[in-house]
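[1] Next comes the sequence, and after it the predicted model I'd like to discuss.
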Amino acid sequence: MGGLNKGLQKLHGKGLAEHVHQTLSAQVTQVKINANQDLESYAKLGCIVIADSVTSYAGPLAGIHAGLMQCETDFMLTAPCDSPFLPHNLFQTLATALNQTQADIAVALTIEDGERQIHPVFSLLSRSLEKSLFEFLNQGGRKPRLWYQAHHVVEVLFEDNAAFRNINTLAELERCE
């Protein structure tokens with residue numbers, strides 16, 4: 001986004017993070033946002049904003065870790081702020097699969113043109129994984145898929161590929177508008 005904060009960029013008059021917040025708010029009891037800049041702007045959405053606790057930039061896993069550290073329930077749902085089209089049944093679908101398989105992590109999966117596409121930051125994971133993730137990050141780990149390999153993961157098929165589309169550039173944002 002050319003240095004712009006993706007979550008605050010407008011789509012149909014609302015910031016991308018606001019779209020995600022609205023969809024998730026209808027599915028869970030509390031939404032928290034992980035951000036390391038513009039914390040006041042995110043707080044205006046009416047939710048708690050938490051920064052990474054890991055000092056070096058560790059990507060999405062640092063945000064997941066920060067969330068797990070403050071998670072007050074047995075499980076935490078994750079979704080990126082730049083994916084405003086996420087499913088309205090994300091939590092329920094992931095929770096059903098997690099309960100049926102007794103997995104530690106449920107992660108979204110789509111199939112497009114015969115290709116499996118895992119969406120690792122669309123997940124429901126056990127709060128008990130915080131220590132494991134902390135150790136993984138301290139060992140230099142940064143890729144969700146590598147960390148997931150150490151745990152019981154269930155991949156959950158969603159039919160709508162577009163629901164997991166993220167917006168990474170101003171051109172993509174303009175096309176979606």
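    Right, received. Where do you want to start?
[2] show me where pLDDT drops low in the protein?
    The model of the chain has pLDDT under 70 over residues 1.
[3] got the contact list for Thr29?
    Applying CB atoms under 8 Å, 6 or more residues apart in numbering, one finds that Thr29 lies in contact with Thr73. C-beta coordinates here come from the backbone N, C-alpha and C atoms, glycine included.
[4] show me where the protein has helices.
    Secondary structure of the chain (DSSP state H): helices at 16-25, 39-43, 60-70, 90-101, 130-138, 144-148, 170-176.
[5] closest one to Leu124 among those helices?
    When the helices of the chain are compared by CB to CB, helix 90-101 sits nearest Leu124, at 3.9 Å.
[6] so the closest one versus helix 16-25, what angle?
    The directions of helix 90-101 and helix 16-25 differ by 50 degrees, with axes from the mean of the first three to the mean of the last three CA atoms, to 10 degrees as the criterion.
[7] Can I get helix 90-101 in PDB, CA atoms only?
    Extracted in PDB, the C-alpha atoms of helix 90-101 (Å, rounded to 0.1, in the frame of the first residue of the first chain):
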ATOM      1  CA  LEU A  90     -16.100 -18.400   9.800                       C
ATOM      2  CA  PHE A  91     -16.100 -19.000  13.500                       C
ATOM      3  CA  GLN A  92     -18.900 -21.600  13.500                       C
ATOM      4  CA  THR A  93     -17.400 -23.500  10.600                       C
ATOM      5  CA  LEU A  94     -13.900 -23.600  12.200                       C
ATOM      6  CA  ALA A  95     -15.300 -24.400  15.700                       C
ATOM      7  CA  THR A  96     -17.400 -27.300  14.400                       C
ATOM      8  CA  ALA A  97     -14.300 -28.800  12.700                       C
ATOM      9  CA  LEU A  98     -12.200 -28.200  15.800                       C
ATOM     10  CA  ASN A  99     -14.700 -29.900  18.100                       C
ATOM     11  CA  GLN A 100     -15.200 -32.900  15.700                       C
ATOM     12  CA  THR A 101     -11.500 -33.600  15.400                       C
END
